[in-house]
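Chemist: my questions concern the predicted model and sequence given below.
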Amino acid sequence: MYRYDDYDRALVIERVAQYRDQLQRNLAGELSDDEFRPLRLQNGLYIQRHAPMLRIAVPYGMLASRQLRKLADIARRYDREYGHFTTRQNLQLNWPKLEDTADILAELATVEMHAIQTSGNCIRNITTDPFAGVAPDEIVDPRPYCEVLRQWSTFHPEFAFLPRKFKIAVSGTVEDRAVTYAHDVGLQLYRDDQGEVLVRVIVGGGMGRTPILGSVIHDALPWRHLPTYLDAVLRVYNRYGRRDNAYKARIKILVKAIGAEEFARQVNEEWQLERDGIATVTDEELELAAAAFQDPDAPARPARDAGFDEKLAGDRAFARWVSRCVRAHKRPGYRSVTLSLKPHGLPPGDITSDQMDAVADLADRYSFGELRVTHEQNLVLADVPLADLYALWQEARKHNLATPNIGLLTDMICCPGGDFCSLANAKSIPIAQAIQAEFDDLDYLYDIGDLELNISGCMNSCGHHHVGHIGILGVDKAGSEWYQVSIGGAQGNTTSLGDVIGPSFAADEVPGVVKKLIETYVSARTPEERFLDTVRRLGVAPFKARVYGESSKKAEVTHG
Amino acid sequence: MADLIRGEALAQNEWTWVKLPDSGEPVRKSAGKVVLFKLTGEPAAADDVIDRCEVPATGKVLIPLSVWLRRHEALAARVAAGEIGVWLDSHEEPTELADSLGGDLNRLPLIGVNFPKFIDGRGFSVGFILRSRYGYRNEMRALGDVLRDQMFFFRRTGFDAYLLRADQKPERCIAALNDFSTPYQTSTDGNVPVFRRRIGQKVPA
Ligand code: HEM
Ligand code: SF4
């Protein structure tokens, strides 16, 4: 994992000092709230419904056990003993005190962490595949490139005050696990015939009010040009992105307005200025970055383990967990384990301080002291010996971290919604809980199989509802909370945006609607079809008929 | 009174900052074609407003780009005398200024860039473009919402003079120029990306 040297350390310490000064000026009335706002946002601090919310950066989702322990400690001392992992692989604290925030940042700096650029109109935390470096289908390990770009983007002097926030995702696998088509910039790393790493540059994707899939503007950018080329992308956006209307300020609107081809032309023209210049990455620099992401010093292990096979055959609950939470690893005798933060009945992505400590211990004992955060809001121990899986499972269970539901309906992505967020139209966590209660029967869940259900409390789409196989969106109708349901969205290589099935529903109707969608699928599926495949084959109509068919009065409640 | 910082010290401001007269109404605010300020919804001043702009007949004056574009021939003698500087608003194009000078921005002793609101970061790219693309070497001054919290970024994108907003404390703004000791990436300052500085150094254990 990347470790700070003196440069990195100086930078975060200087940042804490800068922020402490800004905070003090604000508390003393020297810096107006309006002017403090963008500054605190760039340090991850929102002012929310109940209290400030602090978003702590977890660069490309990688955490060391000692960092997680520090997060547990901070949550204990400055918050209510829990945190929330987000879809950008970061950690949010929901109840810190404004006056404490500089101290919290100083504590984070002691374990090489910060909250820099986790919010605000700047380049945000870069996300990637949580299985980077261990996935069997990996073509290029994205992490060294992520680190190069983290450094390029941190306090970039030209791009601290962009028209709007800017999110970059990087993937290096056959199966895209970083949602690269739904980001301001998506970078797909691959190799040409000679093995040279090239980058497919996708711009102008995003969710929010106007969901758009990105367009490829460069199909084969040699990796060393990433910083200069991205400078050009950002410069065109910084100059010409709209600033008069926050909803039209994302890069996707600019790309759409002038067309991807014209945008690519302008970028290319701008790029010539810096091309091959000082920011071009050298082989040695990349090697240095890559040195931080070497495989752990893991002993070779046999591909099979008799003890594991025995438990698998004899313990049904364990076998279930293995089938959902354990993934193949590039090395024989190892597996990657996902710890579910989606136990039924609790807010998706939440984790208590005690659980954080427990996960840190598990990481130390079973996975070389490291872990990853997934954008589906779970945690991953990436390098677990096959022979240790049973012991790990037993301990994870004690801490409620082994719900065997990864990839199933109850492994939902869910934003904080109306319980925490002042922008919300509707609550989202209670909806998630009600759905989990409706589908509490594991056998039924397994029978339904792979299904992604995503919930957002408003059009800002923090919960990725547009790309959920089932997407649920909170809408406001005459001051009360309603929910619009869409189906057929997907992330990955076949990314698509879902179609709304019709008028929206009251909160208590939502679990029943999901149930009907599932029943429609179960009765129409072919043996090999997932829910998404059936929706793609049949279209929305049969699902709609089933949901709305029975009560004709529903049709009147339109305008969802 | 707004203080001027040049380099890292308080300086005497011998330039008069000339602005366009109030037009009464925003003009030609249209969307549509790939015309840049139109795309971003910025109003362009009408010719009669530009022509009503009064430029003091003597002394050093910092005039709007639009005024410069319509009058630069008439101002040739004063340019030669080093009395004319030009300022760009955040949405205005450095290219237009460069074209009007046959590409040689260094004929001007001063170029200003306005930051109408401090969250409007377009001027940082304007600074970069003036320095890097057009090789501008003379004074480049940040105008408008110039606050201590942007100082570090101003300097890195090529600004070397800062006309502070009236409420700013100059000594704290000067200190803020050095908020960070070693930035990660390069910019107009030619800073060597940190990864390159590390080559040959020991990687931390
Ligand atoms: C509770 C406070 C939060 C507030 C006020 C908030 C606000 C927003 C807003 C305004 C947007 C839309 C921005 C745009 O369209 O340009 C947005 C997008 C987004 N938020 Fe949040 N959010 C919050 C929490 C979260 C959490 C907890 C997560 C992760 C689970 C999250 C993940 C995202 C993501 C992934 C997007 C991107 C959608 C896109 O690409 O357009 N947010 N958020
Ligand atoms: S989707 Fe809306 S309600 Fe949910 S966190 Fe984002 S802004 Fe808040």
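Modeler: That came through fine. The model shown is predicted, which means the values in this text are computed figures rather than measured ones. Numbers count the residues shown, from 1 in each chain, chains lettered A, B, ... in the order given. Ligands and ions are numbered 1, 2, ... in the order given.
Chemist: where does the closest residue to chain B within the stretch 151-300 of chain A land in three-state SS?
Modeler: Of all residues in the stretch 151-300 of chain A, residue A:161 sits closest to chain B, with a separation of 2.8 Å (Cβ to the nearest Cβ). The way it works is simple: take the backbone N, C-alpha and C, and place the C-beta from them, glycine included. What DSSP: H, G, I helix; E, B strand; the rest coil gives for residue A:161 is coil.
Chemist: quick one: residue A:8 from ligand 2, how far?
Modeler: In this view, residue A:8 and ligand 2 are 31 Å apart by Cβ to the nearest ligand atom, to the nearest Å.
Chemist: surely that residue touches residue A:112?
Modeler: Yes. In terms of Cβ atoms under 8 Å, residue A:8 counts as a neighbour of residue A:112; the distance is 7.0 Å.
Chemist: which residues are common contacts for these two?
Modeler: In terms of Cβ atoms under 8 Å, 6 or more residues apart in numbering or on different chains, residue A:8 and residue A:112 are not both contacted by any residue.
Chemist: which stretches of chain B aren't confidently modelled?
Modeler: Residues of chain B that meet the criterion pLDDT under 70 lie in B:1, B:23-41, B:201-205.
Chemist: who are the contact partners of whatever residue of it ends up closest to ligand 1?
Modeler: When distances are taken as Cβ to the nearest ligand atom, chain B reaches nearest to ligand 1 at residue B:119, 14.7 Å away. In this structure, residue B:119 makes contact with A:38, A:121, A:161, judged by Cβ under 8 Å, 6+ apart.
Chemist: turn these into JSON lines, including distance to ligand 2 and neighbour count.
Modeler: What follows is these, written out as JSON lines (distance: Cβ to the nearest ligand atom, whole Å; neighbours: other Cβ atoms under 10 Å in any protein chain shown):
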{"residue": "A:38", "distance to ligand 2": "18", "neighbour count": "18"}
{"residue": "A:121", "distance to ligand 2": "16", "neighbour count": "23"}
{"residue": "A:161", "distance to ligand 2": "21", "neighbour count": "23"}
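Chemist: measure the residue of the stretch 151-300 of chain A closest to chain B to residue A:255 for me?
Modeler: 20 Å (Cβ to Cβ, to the nearest Å).
Chemist: do the same with residue A:265
Modeler: Per Cβ to Cβ, residue A:265 is found 12 Å from residue A:255.
Chemist: more neighbours, the two?
Modeler: A direct count of neighbours by other Cβ atoms under 10 Å in any protein chain shown for residue A:265 and residue A:255 places residue A:255 higher, at 27 against 14.
Chemist: wasn't the more buried one part of a helix?
Modeler: Yes. Applying three-state DSSP, one finds residue A:255 inside a helix.
Chemist: I'd guessed it sits against residue A:202; true?
Modeler: No. Judged on Cβ under 8 Å, residue A:255 makes no contact with residue A:202 at a distance of 10.3 Å.
Chemist: residue A:34 - how many residues pack around it?
Modeler: Residues lying near residue A:34 (other Cβ under 10 Å) number 10.
Chemist: helix/strand/coil for it?
Modeler: Residue A:34 is classified as helix under three-state DSSP.
Chemist: dump the residue contacts of residue A:183.
Modeler: A:127, A:167-169, A:202, A:205-206, A:214.
Chemist: recalculate using a threshold of 6 Å.
Modeler: The neighbourhood of residue A:183, defined by Cβ atoms under 6 Å, 6 or more residues apart in numbering or on different chains, consists of A:167, A:169, A:205.
Chemist: and what of residue A:42?
Modeler: Residue A:42 sits next to A:117, A:120, A:122 when contact means Cβ under 6 Å, 6+ apart.
Chemist: hmm, try it at 10 Å
Modeler: Contacts for residue A:42 (Cβ atoms under 10 Å, 6 or more residues apart in numbering or on different chains) come out as A:15, A:19, A:22, A:115-122, A:155, A:160-161, B:149.
Chemist: ok and the residue in chain B nearest ligand 2?
Modeler: Counting by Cβ to the nearest ligand atom, chain B gets nearest to ligand 2 through residue B:119 (19.8 Å).
Chemist: quick check: the gap between that residue and residue B:172.
Modeler: Distance, residue B:119 to residue B:172, using Cβ to Cβ: 20 Å.
Chemist: now do the buried residues in stretch A:82-99.
Modeler: Under the neighbour-count criterion of 16 or more other Cβ atoms under 10 Å in any protein chain shown, stretch A:82-99 has A:82-96 buried.
Chemist: I'd like to know which of those is nearest to residue A:30.
Modeler: For the buried residues of stretch A:82-99, the minimum distance to residue A:30 (Cβ to Cβ) is 22.3 Å, reached by residue A:96.
Chemist: pLDDT value on the closest one, please?
Modeler: At residue A:96 the predicted local distance difference test score is 91.
Chemist: again with residue A:479
Modeler: Residue A:479 is given a pLDDT of 85.
Chemist: swap in the one 4 residues further on?
Modeler: At residue A:483 the predicted local confidence, pLDDT, stands at 97.
Chemist: how far off centre is stretch B:11-21?
Modeler: Once both centres are worked out by Cα atoms, centre = their mean, to the nearest Å, stretch B:11-21 turns out to sit 13 Å from its chain's centre.
Chemist: stretch A:467-480 too?
Modeler: Here stretch A:467-480 is found 20 Å from its chain centre; the criterion is Cα atoms, centre = their mean.
Chemist: what distance separates the start and the end of that stretch?
Modeler: When the termini of stretch A:467-480 are compared using Cα to Cα, to the nearest Å, they are 25 Å apart.
Chemist: just stretch B:155-174 next, same as before
Modeler: Taking Cα to Cα, the span from the opening residue of stretch B:155-174 to its closing residue is 11 Å.
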